[in-house]
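build me a model:
(one chain, ligands or ions: 1)
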Amino acid sequence: MPNIGGPGQKKMMVMAGVVDSIILYAASVWAGAMKVKLHRDRVIRTQRRMLLRIAHAYRPVSTNAASVIAGVIPIDLKIEERAMIRRLVQTGTNMKEAKVRARGTAHDTWQQRWQNYGRSAWTKRIIPNIRIWADRSKGEVTYQICQALTGHGNFGSYLKRIGKWEQVGCLYCDRVDTVEHTVFSCGRWEALRAEMSETAGQEVTPENWIGLATRTERDWRGIMGAVEKIMTLKEQDLRRREREAE
Ligand SMILES: [Zn+2]
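Just a heads-up that it's a prediction; the model follows:
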């Protein structure tokens, strides 16, 4: 399915849920097989493909970052969760309690894994706490928003790193172009940044950005809507440049 104009995130989540329930069929019984790297890698790879779609991510996004952005618990932790439920029920815990405890453990392990992860520094900086992000009730991650969440997208430093660009400079000013430069400091987007701050009622920074945007639906629309506009307009400018260069 295409990243732009494809099915919405809601539909993707439903389909991912179907694939998950197939993978997780009787997982509590075979969870031990996850100790074998070959088996573990296979299920993780399968889930990774879905996560990248749900997150509308560029391919090189790490599996860890993709699961956080998609707000989906990594598959190996879901398998462990099933096994833990089974263990608890077998030792006399009631099903409801077992599910709550196993889910809590899965979330804690996921958060710890994210904190210990050495890469995806930008995503970790803006989403240090997975729950605040994953538990939001509203807010679809589009292809444009995913670029701003990962830093993998139309930013000079990224395009240079993947060999698509010769230099790292900004299209609009003389600074090095990074995701932080584009969203939070480039003069070209001051008006849209003012819209973000007006919605938020304060200056939006990388540190408070996600917390503010996930407060209410209005905050999401105002703040993420501006980010989406920035990324859309920038992409149009890039395409124009490319055509002129040809
Ligand atoms: Zn700039």
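
packing partners of the lowest-mean-pLDDT helix or strand in the chain?
Lowest on mean pLDDT, DSSP states H and E among the helices and strands of the chain sits helix 9-23, with a mean of 75. Applying 3 or more CB pairs under 8 Å, 6 or more residues apart in numbering; DSSP states H and E, one finds that helix 9-23 contacts helix 37-54, helix 75-90. For every residue, glycine as well, the C-beta is placed using N, CA and C.

which one, of those, ends up nearest to W133?
helix 37-54 (13.5 Å; CB to CB).

so P74 sits against T63, correct?
Yes - counting by CB atoms under 8 Å, T63 is a contact partner of P74 at 7.4 Å.

counting neighbours, go ahead and name the busier of those two.
Between P74 and T63, P74 has the larger neighbour count (other CB atoms under 10 Å), namely 23 against 17.

burial of G17, as a residue count?
Every residue meeting other CB under 10 Å relative to G17 is counted, giving 12.

which ones are touching the spatially most central residue of the chain?
What sits nearest the mean C-alpha location of the chain, by CA atoms, centre = their mean, is I69, with 1.6 Å. I69 is in contact with 51, 55, 57, 61, 123, 127, 141, 146, 149-150, counting by CB atoms under 8 Å, 6 or more residues apart in numbering.

for stretch 71-78, which outside residues touch it?
Residues outside stretch 71-78 that contact it (CB under 8 Å, 6+ apart) are 16, 20, 23-24, 27, 34, 40, 43-44, 46-47, 50-51, 54, 63-64, 67, 81, 106-107, 109-110, 113, 130, 133-136.

if you could redo that for stretch 105-124, that was the one I meant.
With CB under 8 Å, 6+ apart as the contact definition, stretch 105-124 has outside contacts at 61-62, 64-65, 67-69, 73-74, 77-78, 80-81, 84, 128-131, 149-151, 179-180.

narrow those residues to those in helices?
Members of the contacts of stretch 105-124 lying in helices (criterion: DSSP state H): 64-65, 67-69, 77-78, 80-81, 84, 130-131, 149-150, 179-180.

mind giving me the ChimeraX select for those residues, buried ones only?
Here is the ChimeraX command that picks out the buried ones among these, judged by 16 or more other CB atoms under 10 Å:
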select :64,65,67,68,69,77,78,80,81,84,130,149,150,179,180
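
now do the same for T205: helix, strand or coil?
Here T205 takes the coil state, with states given by DSSP: H, G, I helix; E, B strand; the rest coil.

for the residue of the chain positioned farthest from its centre, helix, strand, or coil?
Residue farthest from the centre of the chain, counting by CA atoms, centre = their mean, is G92 at 37.6 Å. Following three-state DSSP, G92 is assigned to coil.

find me the pLDDT at it, would you?
In this prediction, G92 carries a pLDDT score of 96.

show me the domain layout of the protein.
According to automatic domain parsing, the chain comprises the domains 9-120, 136-245.

lowest average pLDDT across those domains?
Comparing mean pLDDT across these, the weakest is domain 9-120, with a mean of 87.

quick revisit: so for the ion, which of the domains of the chain sits nearest?
Comparison of those against the ion by CB to the ion identifies domain 136-245 as nearest, at 3.1 Å.

quick one: E80 from G32, how far?
When distance is defined by CB to CB, to the nearest Å, E80 is 10 Å away from G32.

so what's the gap between stretch 65-74 and the chain middle?
6 Å (CA atoms, centre = their mean, to the nearest Å).

between the two ends of it, how far is it?
10 Å (CA to CA, to the nearest Å).

also stretch 211-224?
Terminal residues of stretch 211-224 are spaced 12 Å apart (CA to CA).

quick one, phi/psi of V176?
phi -70, psi 130 (degrees, to the nearest 10).

tell me, how many residues neighbour the nearest residue to it once chain neighbours are set aside?
The shortest distance from V176 to any residue other than its chain neighbours is 5.1 Å, reached at V168 (CB to CB, 6 or more residues apart in numbering). Counted by other CB under 10 Å, the residues lying close to V168 total 16.
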